[in-house]
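Generate a structure from the sequence data that follows.
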Amino acid sequence: MRDTTITAVSPEKVEMLRRLEPYAYQVAYFMLQDGRLAEEAAKAALLEIGSLGGLADEPAEALRGRTKKAAIKVSLAAAAAALSREA
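Next up, the predicted model:
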């Protein structure tokens, strides 16, 4: 079961995640070639990144790297799930 606990997020973290959102979607769409799946994958990747601590201290390139890695990981899982539903 998925944890649906809502925690307070600083406005700075929200702004940082919003700046990363287009990149997360771009990576996910490249992997999945499906807009709906890419939206869900980008959202999941950003939630994963947002749960990490110390992001405000990281340089922009490190955040992009984390975003790319998370988006690829989530996209691969989404693709595997889609394939298993088709089988």
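
Number of residues surrounding Leu32?
Using other Cβ atoms under 10 Å, Leu32 has 22 neighbouring residues. Glycine gets a C-beta too; all of them are placed from N, C-alpha and C.

ignore the last one, Ala41
Counted with other Cβ under 10 Å, Ala41 comes out at 28.

ok, now Gln33?
Using other Cβ under 10 Å, Gln33 has 10 neighbouring residues.

so what's it scoring on pLDDT?
What the model reports as pLDDT for Gln33 is 95.

how close does Ala18 sit to Leu46?
Careful, residue 18 is Arg; it's not Ala. Remark: distance between Arg18 and Leu46 (Cβ to Cβ, to the nearest Å) = 9 Å.

pLDDT of the helix or strand that Leu63 is a member of, averaged?
Using DSSP states H and E, Leu63 maps to helix 60-86. Average pLDDT, helix 60-86: 94.

Give me the distance from that helix to the chain's centre.
7 Å (Cα atoms, centre = their mean, to the nearest Å).

Which strands or helices does that helix pack on?
The contact analysis (3 or more Cβ pairs under 8 Å, 6 or more residues apart in numbering; DSSP states H and E) places helix 60-86 against helix 11-32, helix 35-50.
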